[in-house]
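Visitor: I need the structure of the sequence given here:
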Amino acid sequence: MLKRSGTTTALDPETAMLVRDVYSQHYDELLRKACIMLHDTEDARDAVSEVMARLMTADILPEGDKLLAYVRNSVRHECLNRLKRMRLQERMRRALPLDDREEWATGEELEAEEEQYRQYQSFVDQELTPQTRRVFQMHYGQRMKYREIAEQVGISESAVYKHLSQAIVKLKNRFNS
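Guide: Numbers count the residues shown, from 1 in each chain. Model (predicted):
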């Protein structure tokens with residue numbers, strides 16, 4: 001197993017290079033398999049990029065040939081999870097009208113959620129670089145796909161996933177400690 005170096009949040013340079021190599025050499029294959037499962041090219045791109053972003057922040061990674069198998073399996077599971085979420089969201093949409101959902105939360109719960117949201121938003125506004133903040137808000141706030149963000153910002157899709165993984169690492173370090 002490849003492990004992170006020390007207590008830092010980034011992969012050691014050699015491992016990071018290995019992950020980038022797997023991404024660049026096998027991206028087309030991973031994308032094809034994701035497209036077959038999801039029947040949507042944009043969702044497939046996002047699924048593959050999301051897996052690669054998570055790999056860059058993983059605590060432990062398998063070595064050698066096992067890394068590629070791990071990546072393939074991770075993409076498959078990401079696609080299955082996306083399909084499951086889509087089915088669940090559709091069932092929820094049919095079962096619960098939108099205006100009835102807010103009655104479930106108490107005033108205190110809503111205030112706590114709003115306070116947590118304000119803390120997240122403040123952290124994003126103050127601690128992320130302008131480019132990372134913009135990419136993060138486009139993906140999570142506006143629900144834009146990696147390709148759409150890349151085109152609008154004028155960067156590559158891999159740069160989009162790097163900005164998102166940086167933002168996620170910083171958020172995890174701040175709010176999960």
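
Visitor: ranges for the strands of the protein?
Guide: Secondary structure of the chain (DSSP state E): strands located at 2-3, 60-61.

Visitor: by mean pLDDT, show me the worst of those.
Guide: Confidence, taken as mean pLDDT, is least for strand 2-3 of these (a mean of 48).

Visitor: look at Ala10 and report its pLDDT.
Guide: So, for Ala10, pLDDT stands at 61.

Visitor: for this protein, give me the ranges with low pLDDT.
Guide: Where the chain drops to pLDDT under 70, the residues are 1-11, 95-106, 177.

Visitor: and the residue nearest to the spatial centre of the chain, what is it in contact with?
Guide: Centroid-nearest residue in the chain: Glu50, 4.2 Å away (criterion: CA atoms, centre = their mean). Contact analysis of Glu50 by CB atoms under 8 Å, 6 or more residues apart in numbering lists Glu78, Tyr161. Just so you know, the C-beta spots here come from the backbone N, C-alpha and C atoms, and that holds for glycine as well.

Visitor: repeat that for Gln166.
Guide: Contact analysis of Gln166 by CB under 8 Å, 6+ apart lists Leu128, Thr132.

Visitor: for it, give its distance to Asp46.
Guide: Distance, Gln166 to Asp46, by CB to CB, to the nearest Å: 17 Å.

Visitor: please enumerate the helices of the chain.
Guide: Residue ranges of the helices in the chain, as given by DSSP state H, are 13-38, 41-56, 65-95, 98-101, 107-127, 130-136, 146-153, 157-175.

Visitor: just these: most buried one?
Guide: Ranked by mean neighbour count under mean count of other CB atoms under 10 Å, the helices of the chain are led by helix 41-56, which reaches a mean of 22.

Visitor: how near is the residue nearest to the centre of the chain to Arg91?
Guide: With CB to CB as the criterion, Glu50 and Arg91 are 23 Å apart.

Visitor: likewise Gln25?
Guide: Distance from Gln25 to Arg91, counting by CB to CB: 39 Å.

Visitor: my guess is Lys33 meets Val75, correct?
Guide: Yes - if you go by CB atoms under 8 Å, Lys33 and Val75 touch, sitting 6.5 Å apart.

Visitor: what's stretch 123-135 in contact with?
Guide: 136-137, 149, 153, 155, 160, 163-164, 166-167, 170-171, 174-175.

Visitor: what about it, start to end distance?
Guide: Stretch 123-135 stretches 15 Å from its first residue to its last (CA to CA, to the nearest Å).

Visitor: next one: that stretch to chain centre, how far?
Guide: The chain centroid and the centroid of stretch 123-135 are separated by 16 Å, computed with CA atoms, centre = their mean, to the nearest Å.
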